[in-house]
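Asker: turn this into a structure:
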Amino acid sequence: MTRMRLRLTAALPLILLTATATGCGDAGTDPRSDGVRPTREAEGFCPLPEDDRPAPTPCVTEDWNARLKENHAYREPMPITAEQKAEAAPRAKALAAALAELADTGTTEDALRAAAAEAIGMTPEQIEVLGTGFAPLRKVKVGGGEGRVCVNGAVDGSGHADAEVVGRSADGACLPLTGH
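Answerer: Modelled structure (predicted):
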């Protein structure tokens with residue numbers, strides 16, 4: 001094998017990897033992004049409120065709480081319309097009733113998923129569960145939905161059950177994430 005052919009054979013996988021990697025991650029085709037492409041990078045820090053200089057657009061705030069809120073924006077629920085909320089309200093009521101019944105008797109995680117799925121018209125595999133107190137049912141959250149609309153329910157530490165209709169979070173979950 002010639003020296004040139006050997007170099008080409010060694011370089012070809014790197015060239016293909018580079019070409020493949022640069023074509024990935026198009027936010028405009030991500031179904032969670034609604035086709036909106038990300039804005040350009042920040043050009044600098046925002047001036048303090050008492051400073052009358054023009055701010056670079058976009059800019060990075062020096063306010064820690066504002067930066068923290070922006071960093072956790074993916075956890076915020078997406079907006080839903082009043083019609084979407086009203087349409088899902090009967091499913092929230094049915095979920096609250098199912099959770100209240102299970103809170104009195106206790107259950108297993110599989111049975112909880114099945115009851116929640118039946119109440120909101122989904123399959124058990126589509127139900128999210130947070131918590132481990134099943135016998136009796138305490139401090140547990142369940143949720144599921146389609147599109148942007150989620151029906152979430154919870155049983156608190158005293159056994160009180162409740163449910164609500166909310167928008168799905170930007171990262172695709174119905175239940176709020178915990179931790180970092």
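Asker: which residue ranges of this protein form strands?
Answerer: 128-130, 133-134, 137-138, 140-146, 149-155, 161-167 (DSSP state E).
Asker: may I see the buried residues of the fourth one?
Answerer: Which is strand 140-146. Using 16 or more other CB atoms under 10 Å as the test for burial, strand 140-146 gives 140-145. For glycine as for every other residue, the C-beta is placed from the backbone atoms N, C-alpha and C.
Asker: name the single longest helix found in this protein.
Answerer: helix 82-105 (DSSP state H).
Asker: what lies in contact with that helix?
Answerer: The contact list for helix 82-105, computed with CB atoms under 8 Å, 6 or more residues apart in numbering, reads 111-112, 115-116, 118-121, 136-138, 142, 145, 148-149, 151, 153-155, 159-165.
Asker: the same query, at a cut-off of 7 Å, please.
Answerer: The contact list for helix 82-105 (CB atoms under 7 Å, 6 or more residues apart in numbering) reads 112, 115-116, 119-121, 136-137, 149, 151, 153, 155, 159, 161-165.
Asker: now stretch 136-153
Answerer: So stretch 136-153 is contacted by 78, 80, 84, 88, 91-92, 95-96, 99, 102-103, 106-107, 112, 116-117, 120, 122, 126-131, 133, 154-157, 159, 161-168, 174-175 (CB under 7 Å, 6+ apart).
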